[in-house]
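Visitor: Provide a 3D model corresponding to the input given below.
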Amino acid sequence: MKIHVNRESLVPILTKVGGVVERRQTLPILGNLLILAQNDSIRITGTDLEIEVCAKLTLQVEQPGETTLPARKFVEICRALPEGTDLSLKVENDRVSLVAERSRFTLSTLPANDFPTMAEHEEMRSLCIDQKALKRLFEKTAFAMANQDVRYYLNGLLLELKPDSLVAVATDGHRLAKMEEKLSLNIDETVQVILPRKTVLEMIRLLGNDESKEVQLDISEKTFRAAIGDDVLVTSKLVDGRYPNYDQVIPPAPEYIAYLDRDNFKQALFRASILLNEKYRGVRFDLDQGRLKLQAQNPEQEEAEEDLEVTYSQEPMVIGLNVNYLVDVLSVLEEDTVEIGFKDSDSSVILRNKDKEMEIFVVMPMIL
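Guide: Sure thing, here's the model as predicted:
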């Protein structure tokens with residue numbers, strides 16, 4: 001195998017693929033990237049056995065072939081080369097020589113035949129959605145996914161396919177995020193799949209914000225596949241489990257509703273949280289007509305207090321909420337006005353932008 005490629009063409013491809021390769025792995029081959037050189041293109045693949053990312057780069061190949069290279073070393077070498085550098089890659093026996101101007105590197109290889117690939121033979125449902133819309137679904141909800149929870153199905157994101165919409169839901173048991181995108185999916189029944197946490201984060205990283213570009217999704221009982229443009233293919237296993245009924249977690253229409261300026265609210269929470277310790281992140285909300293008082297305390301008896309103007313004309317309300325969860329929600333809301341709905345001091349609160357019915361965020365209360 002022998003190829004010549006420009007650094008500026010190669011680095012973006014390596015960045016897309018290299019993110020799935022773990023620094024620590026049980027099999028040495030999983031620390032490598034598979035490079036397949038055909039007559040008019042090269043394909044570079046990385047995997048951790050749960051998710052696989054394959055990226056294509058069109059170029060004239062001098063000598064076709066295939067090999068695997070240590071991912072971290074190959075990526076770091078290419079990034080460290082000067083901009084505009086032309087790179088030659090040649091396979092000789094069990095070694096690969098990389099030559100770029102006055103720089104020369106020799107890397108060890110492992111057999112390409114030993115590289116695991118995620119072949120798919122199941123019947124799959126296909127749909128197309130623009131990249132920006134799908135990225136929005138993931139970005140608005142991913143923060144609420146659990147991380148290393150024993151309830152393994154919470155360590156991921158629910159993707160629900162309905163005849164007229166695509167819904168993303170994530171929860172860690174203390175908060176919930178739901179986002180819905182109206183689409184005509186041409187299906188007769190609702191289908192639910194759970195994407196692993198790493199797959200969701202990789203999709204956010206790889207998807208673009210261009211509404212004119214689509215991504216094709218192929219989904220089966222065990223596999224999720226996304227073709228992003230013409231050059232990137234993501235294949236992932238699905239989480240085997242049943243996601244909890246999220247409709248039971250979402251409170252009914254709130255009895256009390258307050259409206260706040262998002263930026264002022266977020267900054268006040270940041271300031272109040274300075275005095276909180278790492279274990280207890282609760283902030284007391286004292287809501288009354290026209291004002292909201294935030295209070296934070298720590299074991300050293302230090303206190304922070306913030307007063308905010310709000311649009312609220314109902315009965316006084318006192319509730320404790322986790323400041324980190326609130327900041328996470330405010331970070332994905334886009335409009336200036338935030339709507340917060342309450343039932344009572346012991347019930348979950350609903351946050352969303354005013355008049356945004358397709359998105360909803362739920363935060364459970366804390367004991368004051």
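Visitor: Tell me the buried residues in the helix or strand hosting P12?
Guide: Applying DSSP states H and E as the criterion places P12 in helix 7-18. Buried residues in helix 7-18, counted by 16 or more other C-beta atoms under 10 Å: 7, 10-11, 13-14, 16-18. C-betas here are computed from N, CA, C, even on glycine.
Visitor: what's the average pLDDT for it?
Guide: Averaged over helix 7-18, pLDDT sits at 94.
Visitor: swap in stretch 286-302?
Guide: So the average pLDDT for stretch 286-302 ends up being 91.
Visitor: Using neighbour counts, pick out the buried residues of that stretch.
Guide: Of all the residues in stretch 286-302, those buried under the rule 16+ other C-beta under 10 Å are 287, 292, 294-297.
Visitor: Take those and keep only those in strands.
Guide: 287, 292, 294-297 (DSSP state E).
Visitor: roughly how far apart are V232 and M118?
Guide: Distance of V232 to M118, given as C-beta to C-beta, to the nearest Å: 15 Å.
Visitor: With C54 instead?
Guide: C54 is 10 Å from M118, where distance means C-beta to C-beta.
Visitor: between those two, what contacts are shared?
Guide: T235 (C-beta atoms under 8 Å, 6 or more residues apart in numbering).
Visitor: Which residue of those two possesses the greater neighbour count?
Guide: C54 (21 against 16; other C-beta atoms under 10 Å).
Visitor: Show the average pLDDT along the helix or strand where the more buried one lies.
Guide: Here C54, judged by DSSP H and E, is contained in strand 51-58. The average pLDDT within strand 51-58 is 96.
Visitor: Now it: buried residues?
Guide: So, applying 16+ other C-beta under 10 Å, buried residues of strand 51-58: 51-57.
Visitor: got it, and stretch 118-128?
Guide: Neighbour-count burial for stretch 118-128, with 16+ other C-beta under 10 Å as criterion, is recorded at 118, 127.
Visitor: Compute the first-to-last residue distance for that stretch.
Guide: For stretch 118-128, the separation between the terminal residues is 22 Å (C-alpha to C-alpha, to the nearest Å).
Visitor: Please enumerate the helices of the stretch 251-368 of the chain.
Guide: With DSSP state H, counting those that start in this stretch as the criterion, the stretch 251-368 of the chain has helices at 262-273, 323-332.
Visitor: okay, the longest one in PDB with CA atoms only?
Guide: Looking back up the chat, that one is helix 262-273. Output of helix 262-273 as PDB, limited to C-alpha atoms (Å, rounded to 0.1, in the frame of the first residue of the first chain):
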ATOM      1  CA  ARG A 262     -32.600  33.400  31.400                       C
ATOM      2  CA  ASP A 263     -29.200  35.100  31.500                       C
ATOM      3  CA  ASN A 264     -29.900  36.900  34.800                       C
ATOM      4  CA  PHE A 265     -31.200  33.700  36.300                       C
ATOM      5  CA  LYS A 266     -28.200  31.700  35.200                       C
ATOM      6  CA  GLN A 267     -25.700  34.200  36.500                       C
ATOM      7  CA  ALA A 268     -27.500  34.400  39.800                       C
ATOM      8  CA  LEU A 269     -27.300  30.600  40.100                       C
ATOM      9  CA  PHE A 270     -23.500  30.700  39.300                       C
ATOM     10  CA  ARG A 271     -22.900  33.300  42.000                       C
ATOM     11  CA  ALA A 272     -25.000  31.500  44.600                       C
ATOM     12  CA  SER A 273     -23.300  28.200  43.900                       C
END
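Visitor: Show me what the helix or strand of the chain with the lowest mean pLDDT is packed up against.
Guide: Within the chain, confidence by mean pLDDT, DSSP states H and E is lowest for strand 125-130 among all helices and strands, at a mean of 88. With contacts taken as 3 or more C-beta pairs under 8 Å, 6 or more residues apart in numbering; DSSP states H and E, strand 125-130 sits against strand 214-219.
Visitor: picking up where we left off before, could you figure out how far the helix holding P12 is turned away from strand 51-58?
Guide: Orientation check (axes from the mean of the first three to the mean of the last three C-alpha atoms, to 10 degrees): helix 7-18 against strand 51-58 gives 160 degrees.
Visitor: moving C-terminal of helix 7-18, what's the next helix or strand?
Guide: strand 32-37.
Visitor: What strands flank that next one, and is each parallel or antiparallel?
Guide: strand 41-47 (antiparallel), strand 65-70 (antiparallel) (DSSP bridges).
Visitor: For S126, find the nearest of the ones you listed.
Guide: Closest of the strands paired with strand 32-37 to S126 is strand 41-47, at 21.7 Å (criterion: C-beta to C-beta).
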